[in-house]
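**Student:** kindly generate the corresponding structure for this input.
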Amino acid sequence: MLASEMSSATSGDVPRGPGKLVFRGVPIEAQEESVKCDIKHVSGVSLRRLVDCDSATYITIPKKTELSVIRFEIRPENPEINQGRRAELRDMLDAVAGEEVWYRFSTLVPRDFPKGAPQVVVAQWHEQLAQGEPSRRPPLAHRLVDGVFIVTLWNDETYDRSDGKGHGIILFQDPGYASAPSMNTFIGLCGHQSGKET
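**Tutor:** A predicted model of the protein is given here:
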């Protein structure tokens, strides 16, 4: 969804930078653009949580025109945004009560990703709270915790019972991820969000 929107958003006079990616030891011709600094605008998506030009890079593979990806980068020296180091694209759609919204994407965890990292949120879906209400934990999130891939759920009952501490309800976990051989790992993700009354 987002990749096709970016493709149409970048057609025309935005220059593309040629380069090479190495995937499973094979160099691939690719073109890269900074989402924040080259593309600058994607309809229906907020770029406010991108710190700099390297936070999100839109990559197309010219010989595979149907294939495009976004590479996100977070560095230890990046300043915090909303109490955390993050590189996020935010879908500005607010689903209404009873409306179904589906998201489908895959995440590549590179082979040199530090598996001992305490916690990384790969993707999250937040509820829309009333103006001025403090944000809570995301109702649905995909995380890497101590090298284990987990999908977590937070609802009002879980949050109130734990005061927002811990991981909430773990819907799925892949403990084998931590001991996987040193190789690029794809995690296929499909998220569903129902609208919530405000």
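
**Student:** quick one: the residue nearest to the spatial centre of the chain and Arg143, what's the gap?
**Tutor:** Among the residues of the chain, the one closest to the centroid is Ala123, at 4.2 Å (Cα atoms, centre = their mean). Using Cβ to Cβ, to the nearest Å, Ala123 is found at 9 Å from Arg143. C-beta coordinates here come from the backbone N, C-alpha and C atoms, glycine included.

**Student:** go on, Glu127?
**Tutor:** Distance from Glu127 to Arg143, counting by Cβ to Cβ: 18 Å.

**Student:** and the residue of the chain most remote from its centre, what's its pLDDT?
**Tutor:** For the chain, the largest distance from the centre (Cα atoms, centre = their mean) belongs to Arg161, which lies 28.0 Å off. Arg161 is assigned 92 on the pLDDT scale.

**Student:** likewise for Val45?
**Tutor:** Predicted confidence (pLDDT) for Val45: 90.

**Student:** my guess is it contacts Leu89. True?
**Tutor:** Yes - at 5.3 Å, Val45 and Leu89 qualify as touching, with contact defined as Cβ atoms under 8 Å.

**Student:** residues contacting the residue found closest to Asn82 once you drop the neighbours it is linked to in the chain?
**Tutor:** Nearest residue to Asn82 in three dimensions, chain neighbours excluded: Arg49, at 7.2 Å (Cβ to Cβ, 6 or more residues apart in numbering). Contact analysis of Arg49 by Cβ atoms under 8 Å, 6 or more residues apart in numbering lists Ile81, Asn82, Arg86, Ala87, Glu88, Leu89, Arg90.
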